[in-house]
Every structure is written in structure tokens, then in C-alpha cells.
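Asks: My questions concern the predicted model and sequence given below.
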Amino acid sequence: MKRSGDDVKMISGEAPIVFSKACELFIEELTQRAWMVTLQGKRRTLHKEDVAAAVMATDIFDFLIEMVSDSNGARSAPAAKSDSMVVER
């Protein structure tokens, strides 16, 4: 974390734990949304296209849109956008 910015001199011991938990929750949310896309496609194998569709369908993941676009700039067909953070489990 100290390498991320020259301004950072000290990091409390709790900060890495909080960031670790935040990353865990982010990955879990994205994976669950991608899994729902997989199930809608009547498949049992999650593909990168499922992750891309989950990103495209969820407003909170808009910052990832450029990352999931293919090299030609085309994007997966998005489902209806969703603001909700809760996925049925």
C-alpha cells in the first residue's frame, strides 16, 4: 500500500484487513452476478463473457466496462441494469 502513493508514510495495522475484506466482498458479489448469468444461459460453467454481462448489467460495476470490452470495443449484450447490491443466494 505504501508503494501506491508517495504521500503514504504510515498505514495502520487494521487497514490491510479492511481492504482484504472489501476485496473479498467485491469478488463474491461479481462472481454471484456472473453465476446468475451462467444459470440464465442454462450452463454450469462460468465464462469470461458471463462476468462481462454481469458488469454490463450492473450500474455499480460501470467502472469495469472498459476492462470487459473486447479488443474491437464491442461489448456483451447487457441485461437490464440493476442498482441493487443484493443477489439471491
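Replies: Here it is on my side, so go on.

Asks: At the geometric centre of the chain, which residue sits there?
Replies: Leu30 (4.1 Å; C-alpha atoms, centre = their mean).

Asks: And for it, nearest residue in space, chain neighbours not counted?
Replies: Counting by C-beta to C-beta, 6 or more residues apart in numbering, Ala54 is the residue found nearest to Leu30 once chain neighbours are left out, at 6.3 Å. C-beta coordinates here come from the backbone N, C-alpha and C atoms, glycine included.

Asks: What of Thr31?
Replies: Of all residues not flanking Thr31 in the chain, Leu46 sits nearest, at 7.7 Å (C-beta to C-beta, 6+ apart).

Asks: gap between that neighbour and Phe26?
Replies: 16 Å (C-beta to C-beta, to the nearest Å).

Asks: Any buried residues in whichever helix or strand Ala34 is part of, and which?
Replies: Element membership for Ala34 (DSSP states H and E) is helix 15-40. By neighbour count with 16 or more other C-beta atoms under 10 Å, helix 15-40 contains the buried residues 29-30, 33-38.

Asks: Turn these into JSON lines, including distance to Asp7.
Replies: JSON lines is the format used below for these (distance: C-beta to C-beta, whole Å):
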{"residue": "Glu29", "distance to Asp7": "30"}
{"residue": "Leu30", "distance to Asp7": "30"}
{"residue": "Arg33", "distance to Asp7": "34"}
{"residue": "Ala34", "distance to Asp7": "35"}
{"residue": "Trp35", "distance to Asp7": "39"}
{"residue": "Met36", "distance to Asp7": "40"}
{"residue": "Val37", "distance to Asp7": "40"}
{"residue": "Thr38", "distance to Asp7": "42"}
